[in-house]
Every structure is written in C-alpha cells, then in structure tokens.
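[1] Make a model of this:
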Amino acid sequence: MSTSTTLAPVAGDASTPVLAAPDRTSAVARLRAALDDHHGVAVALQGPGSALAEWTAADDHHDLDLWVSADGLHAVRAALRTVGAVHVGAAHDPRRLRHEQWWLPSAGRAAVVDITVGDLRVGPLLLATEGEVAVSGAGASLPRLTGTAAALDLFVRPLLRGRVVGGARLAEARTAWAAAAPAARRQSADRLATALGRRLATEVVAVLEGATADQALAPRARRRLALASLAPRRIGATWADRRSIIPARRRSPLGFRRRGVVVALVGTDGSGKSTVGDALGTTLVQLGYRVEHAYFGMARGNLPGVGLVRRLARGSDAAAVAPQRRPEAQATAGTTTGAPVSLARRVGAWVYAADYAWRAATRLWPARRRGSVVICDRWVSDLRRSPAPGHPASRLAELLVGAPDVLALADAPTDVIAARKAERTPAEITAEQGALRGLVAELDGQRSALRRRPACRALTVPTDGSVADATWRLVAEVVAAVHR
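    Numbering: from 1, shown residues only. Model (predicted):
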C-alpha cells in the first residue's frame, strides 16, 4: 500500500455530518446504501473472496481494496464522506496506477480504503484497461471483480509486488480465468506479453491454467517492473511518484509518509476546549500518533520580562480575539474604539509578539519537524484584542507564527457555556464566541505567508452533546492534515 504526497484535488464538504465512529460492518452497509443512490457506478471489491470479511473483523490499519471506474470516482468519494472518511493520499498520473487512499474512523483502530481508479496497473505496467474490467452484479454486499480482471488482480498484481500466491487465492484466480470467454483470455494474454514480455507472460498464463507456480516468477516480475519504471519514456512519471515508491523514513501508523501538524483549539472559558483537547490527544495516541501539548495563550511567556510587562499592561488571562474584520478605528496603533491606549500596553503588545515568535521557534516548529501532532490550547490570535486591540504587533505575530494546520473552535449555546462558567456574562460569552466564529471563517483555507505549508483547515466542534461523537470529525481532519 503506497501513497503520493501530492494529492489529487478533492473538494471539501462542509455539510459532512459529525459522526460517532461506526464499526466496520456498519460502515460497509452505509457505503453500499450511499452507492445505491448513484445508479450505474461501476465499483467492485478487489482481493480474495474473504477480503471483506477479514477487513470488517480486523482491528488494524489493513486496507480494503476497491476498484472504481474513472467516471464513478466522484460518487465513491461522496459515499465515503457520508461515513466520515477523509482523503489521505492519491496518485493520479495516467502513466502509472491511479489510486486514492481514504481514512475511515471505526470502532477500535481506524481503517483505510484504497481505491484503484480506471485501468488495472501495477506501477506503469498495464494489466487491463478500464473497458476490459468486468464486475459482478450487486448483491447484499459490494460487487466483485470477475473474469480475467479478477484473475489478474488475484495473481499477477501480488506477483509484481514480489509474492507468488497459492492456496485459496490462487484457486480463485484460476476459477475466474477459466470462467472468462476465450477471446477475453487471449486479449489478457496479449496484454501480459506487452507488460511482462512474451516468456514471462506465457509462464503466468500457464499457472492460471493449472501449472505449478515457480517461486522464481516473483523476482523476475519485479525486475520487469523496475525496468519499465526506469524506461526513458516513463522516468518522468516514476520520479513524480517517487514518494510512493521509495519507503518512507518516517511513516505514520497507516504506513504512509507523514508530517508534523499544529492543531489550535480556541474557545471562551467553559466552551469545552480542554475536554476536546484531551479527547483528541487520547484518541490520536490510541491510533498510534505522537502527540505533544502546548499552551499558546498569553498568560505564560518564556521571554524574560514578560511577567513584568503583563502586570504593567494589565493584560487579561482570558484574552479574546477581535472580530474577523477589524474596524478602521482599531487598525491604527494606540487606539481602541477611539480611546487612547497606554504606552505600557503598546509596549506589551510588541513584547507578546516577540514571545509568541520565540515560543513558535523553540517549541512548535521543532515538534512539527519531529513529526508530532502539537495540540495548542489557545492561539496567537489572542493578541488581536489584548493588551492593545488592533495593534500592528498582532498582525506581525500571526505572520511570523503562521496559520495552524487545523484550527478548531469548541462551541456551545451561550446558556450552556454560562452554566459551566458563571463568572462570565452572557453578553461577554456571545461576543467572544461570535468573534471566534469569524476567526474560523477567516483562517479556513489560509496558507502561511512565510512557509510552504498546506492551507489551514478550520472547523467548529459542537460541545453541547457527546464530546466523543463530536471529536471524531476533528480527529479525521487531523489525520488528513498529517498526510497532506
């Protein structure tokens, strides 16, 4: 199972429901129901007949292989989103295997669905064109590959990956080959001769027709795959897909290449921010990801003198953020809604900006380089409102630190938050949460100006119900960010 670090464009879906993690059997049933809504989509299970039962019973990251026609990919994507899946990898160069990986939250360890799109290939070697792929009729479960496509998938695909299969899988491949029409078998034999060379293809066909499988077939097939990948007319496609071919030095629990990400959790006191952060961290650790926590509010600075500046500036521990669109009156340093701001507060804003940059350079960025998921309580945007609202220092700090990879607002109705934190007035809660909703809208899709990072994904996590249910959507967004 491999992935490319360059993802094919996959449109987001803001209406994706917040779901509890289903068991795999339920997920397959819901996927089947969703595909029924898209009539005429050619989709099929790959692998042996036991693959689906083994996958639904498993508690690991082993993937479920699906094949889909190129024009049906959008329908499969939509169906996967209905069960809470997120896109974690893809390779879409038409000169090589086209495929996508989707991460599916499920009870126990989360699962992976690997989708082959269009032609059946291994690397650049074409085994069957999309038009040659036959699919069984839909039953209670998902359809399956049939005929020569099934035989090639069951025997030749693992052969090119270095494994000579036997037992029940080989018996299934032979049965599928024998059930195909003679013309289809001849066409597949010619296709194999082009891909593998006449001699090797003849031996492969002989095995499918009952001959004993020689273990030396696998290294010979692998050499053929290597030569085809390095051929002058294919070397460009191979180089573009090199991250899928060369084993990753640092892999995620899914077996894919990973990168460190920063997750910022925001919300007024009592919104459930800490509860969401704890649930997120615990779930990610259980899934096998490395997690670090960091406080990124204004109360605890690391630079000398921040505490003194804070006392002089009388900054607030419960710093809020300004609305998404700053009023022109606040955009001028030294004023807040027309009222003068003290020198101590203006100096304090610059000191806080320097402190944020220092904390990012010494804590966030090294942790991200280590491949960790860094969960931050609060974010640099707190500086927008305190100690000097609208001061240029806040914009400089956000520019230096950059946008987080994922920003999540813990949100609940005002009366729910007020019941948790009685010291805040409903008006204060409403104003601060409203400003933070504006921050979510502002940062969603924003890229860091000074660093080449994927765009920020900002979302709202409802905390007035089951936190476990609500957290799964955030977990999915973080997993997607790790593999972008």
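
[2] Restrict stretch 223-243 to CA atoms and write it as CSV.
    Presented in CSV, the C-alpha positions along stretch 223-243 are these (Å, rounded to 0.1, in the frame of the first residue of the first chain):
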residue,chain,number,x,y,z
ARG,A,223,12.9,-6.8,-12.4
ARG,A,224,10.4,-6.3,-15.2
LEU,A,225,8.6,-3.7,-13.2
ALA,A,226,11.8,-1.9,-12.3
LEU,A,227,12.9,-1.8,-15.9
ALA,A,228,9.6,-0.5,-17.0
SER,A,229,9.6,2.2,-14.3
LEU,A,230,13.1,3.4,-15.3
ALA,A,231,12.4,3.4,-19.1
PRO,A,232,13.2,6.8,-20.7
ARG,A,233,9.6,7.5,-21.6
ARG,A,234,8.4,6.6,-18.1
ILE,A,235,11.2,8.0,-15.9
GLY,A,236,9.4,11.4,-15.5
ALA,A,237,6.3,9.7,-14.1
THR,A,238,8.3,7.5,-11.9
TRP,A,239,10.2,10.5,-10.5
ALA,A,240,7.0,12.4,-9.9
ASP,A,241,5.7,9.3,-7.9
ARG,A,242,9.0,8.6,-6.1
ARG,A,243,7.5,9.2,-2.7
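
[3] Give me the buried positions along that stretch.
    The neighbour-count check on stretch 223-243 (16 or more other C-beta atoms under 10 Å) flags 224-225, 228-229, 234, 237-238, 241, 243 as buried. For every residue, glycine as well, the C-beta is placed using N, CA and C.

[4] can you put those in JSON lines and add secondary structure and pLDDT?
    Formatted as JSON lines, the buried residues of stretch 223-243 follow (DSSP: H, G, I helix; E, B strand; the rest coil; pLDDT from 0 to 100):
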{"residue": "R224", "secondary structure": "helix", "pLDDT": "92"}
{"residue": "L225", "secondary structure": "helix", "pLDDT": "91"}
{"residue": "A228", "secondary structure": "helix", "pLDDT": "89"}
{"residue": "S229", "secondary structure": "helix", "pLDDT": "89"}
{"residue": "R234", "secondary structure": "coil", "pLDDT": "82"}
{"residue": "A237", "secondary structure": "helix", "pLDDT": "77"}
{"residue": "T238", "secondary structure": "helix", "pLDDT": "79"}
{"residue": "D241", "secondary structure": "coil", "pLDDT": "73"}
{"residue": "R243", "secondary structure": "helix", "pLDDT": "66"}
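
[5] and of those residues, the nearest to A111?
    Using C-beta to C-beta, R243 comes nearest to A111 of those, at 22.5 Å.

[6] and the residue nearest to A42 when sequence neighbours are not counted, what is it in contact with?
    The spatial neighbour of A42 that comes closest, neighbours along the chain excluded (C-beta to C-beta, 6 or more residues apart in numbering), is S69 at 4.0 Å. Applying C-beta atoms under 8 Å, 6 or more residues apart in numbering, we find S69 in contact with 41-43, 117-118, 130, 133.

[7] so what's V86 up against?
    Residues in contact with V86, defined by C-beta under 8 Å, 6+ apart, are 102-103, 476-477, 479-480.

[8] Let's verify the nearest residue to L154 once chain neighbours are set aside: helix, strand, or coil?
    Leaving out its chain neighbours, the residue that sits closest to L154 by C-beta to C-beta, 6+ apart is A173, at 3.8 Å. Assigned state for A173: helix (three-state reduction, DSSP: H, G, I helix; E, B strand; the rest coil).
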